[in-house]
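Trainee: Sequence plus the predicted model coming up.
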Amino acid sequence: MSTHDDVLSKIRAALQQERDATTAMRQTVAALKSQLPGYSWVGIYLLDGNELVLGPYVGKPSPHTRIPLGRGICGAAAAEKATIVVDDVSRDTRYLACSPETKSEIVVPIMRGSDVLGEIDVDSDHPAAFDQRDRVLLEAVAALLAERLPVVER
Ligand code: SME
């Protein structure tokens, strides 16, 4: 089992070698899912207009491939431009279910300046699976990804 610092170092090293955005996102979700045992589903949504569109992910297929800003935990995090941690998804009325096994979730926006480019979404089958170490790790990974994603003219 890797520590969060080890995982960040591995992802940073991998992304330094990788300029292609899609490959960088694929490597990132694969590294997070494989090295952190509590991470049951890891995906990246990219903002397209007023919708979040599902990009690379590892885990079961999600019915939520397009999420309007403001809907679900994902849409709330993008609208608020802030990380959201939900310890018990069954008690959060915003929650859009992906899998019945999911118990907790963290969503971290990928920001460039004050613009939301997308977000990292992680689900866990364990309640309250995400703590400050996960928040710090995923916010650092989001900053690394922000450097790899193309600039979209708005
Ligand atoms: N649970 C998310 C939807 C995405 S799936 O978990 C992959 C939400 O509430 O926005």
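Mentor: Thanks, I have it.
Trainee: CA atoms for contacts and neighbours, from now on please.
Mentor: Will do.
Trainee: backbone phi and psi for the residue most central in space within the chain, please?
Mentor: Nearest to the mean C-alpha position of the chain, counting by Cα atoms, centre = their mean, stands I120 at 1.3 Å. Taking degrees, to the nearest 10, you get phi -100, psi 130 for the backbone angles of I120.
Trainee: What residues are bridge-paired with it?
Mentor: Assessed by DSSP bridges, I120 has beta-bridge partners I44, V108.
Trainee: Check the one 4 residues further on too.
Mentor: According to DSSP bridges, the partner residues bridging S124 are S104.
Trainee: Tell me how many other residues crowd it.
Mentor: By the criterion of other Cα atoms under 10 Å, S124 has 22 neighbours.
Trainee: how far away is it from V107?
Mentor: Separation of S124 from V107 (Cα to Cα, to the nearest Å) stands at 12 Å.
Trainee: With Y45 instead?
Mentor: With the distance defined as Cα to Cα, Y45 ends up 10 Å from V107.
Trainee: Can you list the residue ranges for strands in this structure?
Mentor: Taking DSSP state E to define them, one finds strands in the chain at 41-48, 51-58, 66-68, 84-86, 104-112, 115-124.
Trainee: Format the ones you listed as TSV; extra columns: mean pLDDT.
Mentor: Below are these laid out as TSV (pLDDT from 0 to 100):
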stretch	mean pLDDT
strand 41-48	97
strand 51-58	97
strand 66-68	97
strand 84-86	98
strand 104-112	97
strand 115-124	97
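Trainee: Mind putting those into JSON lines with distance to L149?
Mentor: As requested, the strands of the chain are exported to JSON lines (distance: least, Cα to Cα, whole Å):
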{"stretch": "strand 41-48", "distance to L149": "9"}
{"stretch": "strand 51-58", "distance to L149": "12"}
{"stretch": "strand 66-68", "distance to L149": "19"}
{"stretch": "strand 84-86", "distance to L149": "22"}
{"stretch": "strand 104-112", "distance to L149": "9"}
{"stretch": "strand 115-124", "distance to L149": "8"}
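Trainee: In CSV: these, plus distance to the ligand.
Mentor: Compiled in CSV, the strands of the chain are given as follows (distance: least, Cα to the nearest ligand atom, whole Å):
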stretch, distance to the ligand
strand 41-48, 7
strand 51-58, 8
strand 66-68, 7
strand 84-86, 10
strand 104-112, 7
strand 115-124, 6
